[in-house]
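A.B. asks: Give me a model of this one.
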Amino acid sequence: MIVYCDRMIDRRLRVLAAIARHGTVTAAAEICRMTTSSASHQMQALSRELGVTLLEPDGRRVRLTAAARTLLVHGETLTAQWERAQAELAAHRGEDAVGALRFCGFSTAAAAVVPEVMGRLRDTHPALRLSLRECEPSRAFDLLAAGETDIVVVVATSSIPPVSDPAFDQRTLFDEPLDLLVGPEHPLVDRPDVALRDLAADPWICSSPGRAYHQLVMTACAGAGFAPEIAHHADEWDTGAALVSRGFGVSLVPRLADLPTRHDTRRLRIGTPPVPIRRAIAGVRAGAQYQPAVAAGLDMLREVCRSLEGRLAPG
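C.D. replies: Have a look, this model is predicted:
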């Protein structure tokens, strides 16, 4: 996916890249903050200027032509080179980490890691203007592609670009085990060793379908050999913990998630394989990792994540 990063790159390439990822002009227009008609007109104008067809109808969606995909490949190279050029120019100016550094995070990846990173950066690089935006992983990469954020810290799901996508530089931060959350009267509370499949017959509490955490729970249970009976949907840890504490079901919670203490729950570490995990990753625009502010942010992310290794040990 091509990334728009400056006025030096034709803005219409950003629209074309969004169409490539989402399959419709309407979805691309929403991401690029324009009307559908405006996005359509831009694609028509770009097609006329280049003398090639870029989009073909495909039912209710559109399909990129071979010419459009060729254009995106070259666009990815241009944007990555432009990011790298900005980094080298900053070195010529002798710049340290200054200016805006915008983080985008999801769930506990944002809560447990990014505020600590920002706090340390404030002390070590006081000239940085730091901000954090919380959103779903797929949306985070849309913002990254649009140049509206600089570093995303999210959980790896099938909704984000593959690691092979040349538009981004992605790196693993840590693998976080998931724990079982049960009520105080659950029969497994005193068991020294628990397997995920031991709760196959329990009612489950999970987030709404379509959300990253719902996908994670369903995949983990499938890996343990069962499909969970979802009795309740709760998108907030507070709601889920309240239901668990009153015996309405069980759930999976990330190791780093801080749960409300007013709900009487028990967190059980899974000792028998398979132990479900979720992978936290950091993503930046390809080439941007060399820019002083982004490099400082990535270095601090690695430092903070190393300090979490003890908490993230499985079992």
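A.B. asks: Show me where the stretch 1-150 of the chain has its strands.
C.D. replies: Ranges of strands within the stretch 1-150 of the chain are 55-58, 61-64, 99-105, 128-134, based on DSSP state E, counting those that start in this stretch.
A.B. asks: most packed of those strands?
C.D. replies: strand 99-105 (a mean of 21; mean count of other CB atoms under 10 Å). (Each C-beta comes from the backbone N, C-alpha and C, glycine too.)
A.B. asks: re earlier: could the strands of the stretch 1-150 of the chain be laid out in CSV, adding mean pLDDT?
C.D. replies: Converted to CSV, the strands of the stretch 1-150 of the chain look like this (pLDDT from 0 to 100):
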stretch, mean pLDDT
strand 55-58, 90
strand 61-64, 91
strand 99-105, 92
strand 128-134, 94
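A.B. asks: could you dump those to TSV with distance to residue 297?
C.D. replies: TSV is the format used below for the strands of the stretch 1-150 of the chain (distance: least, CB to CB, whole Å):
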stretch	distance to residue 297
strand 55-58	36
strand 61-64	33
strand 99-105	5
strand 128-134	8
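A.B. asks: Relative to residue 150, which of those strands is closest?
C.D. replies: strand 99-105 (4.8 Å; CB to CB).
A.B. asks: Also compute the angle for that closest one relative to strand 128-134, please.
C.D. replies: 20 degrees (axes from the mean of the first three to the mean of the last three CA atoms, to 10 degrees).
A.B. asks: what's strand 99-105 in contact with?
C.D. replies: 110-111, 113-114, 117-118, 121, 127-135, 140, 143-144, 148-154, 293-294, 296-297 (CB atoms under 8 Å, 6 or more residues apart in numbering).
A.B. asks: Tell me the strands beside it, with direction?
C.D. replies: Using DSSP bridges, the strands paired with strand 99-105 in its sheet are strand 128-134 (parallel), strand 151-155 (parallel).
A.B. asks: one step back: out of the strands of the stretch 1-150 of the chain, flag the one nearest residue 164.
C.D. replies: strand 61-64 (17.8 Å).
A.B. asks: strand partners of the closest one, parallel vs antiparallel please.
C.D. replies: strand 55-58 (antiparallel).
A.B. asks: How far off centre is the partner strand?
C.D. replies: How far strand 55-58 lies from its chain's middle: 29 Å, per CA atoms, centre = their mean, to the nearest Å.
A.B. asks: Contacts for it, please.
C.D. replies: 19, 25, 43, 47, 62, 63, 64, 65, 68.
A.B. asks: top helix in the protein by residue count?
C.D. replies: In the chain, with assignment by DSSP state H, the single longest helix is helix 66-92.
A.B. asks: For that helix, enumerate the helices and strands it packs against.
C.D. replies: The contact analysis (3 or more CB pairs under 8 Å, 6 or more residues apart in numbering; DSSP states H and E) places helix 66-92 against helix 11-22, strand 277-285, helix 292-306.
A.B. asks: Could you tell me the least trusted of these?
C.D. replies: Comparing mean pLDDT across the helices and strands packed on helix 66-92, the lowest value falls on helix 11-22: a mean of 85.
A.B. asks: Give the buried residues for that helix.
C.D. replies: 12, 13, 14, 15, 16, 17, 18, 19, 20, 21, 22 (16 or more other CB atoms under 10 Å).
A.B. asks: Identify the residue spatially nearest to the second one, adjacent ones excluded.
C.D. replies: What that stands for is residue 13. Closest residue to residue 13 apart from its sequence neighbours, by CB to CB, 6 or more residues apart in numbering: residue 75 at 4.6 Å.
A.B. asks: and if you look at residue 131?
C.D. replies: Nearest to residue 131 is residue 102, by CB to CB, 6+ apart, at 5.0 Å.
A.B. asks: Repeat that for residue 64.
C.D. replies: Nearest to residue 64 is residue 20, by CB to CB, 6+ apart, at 5.4 Å.
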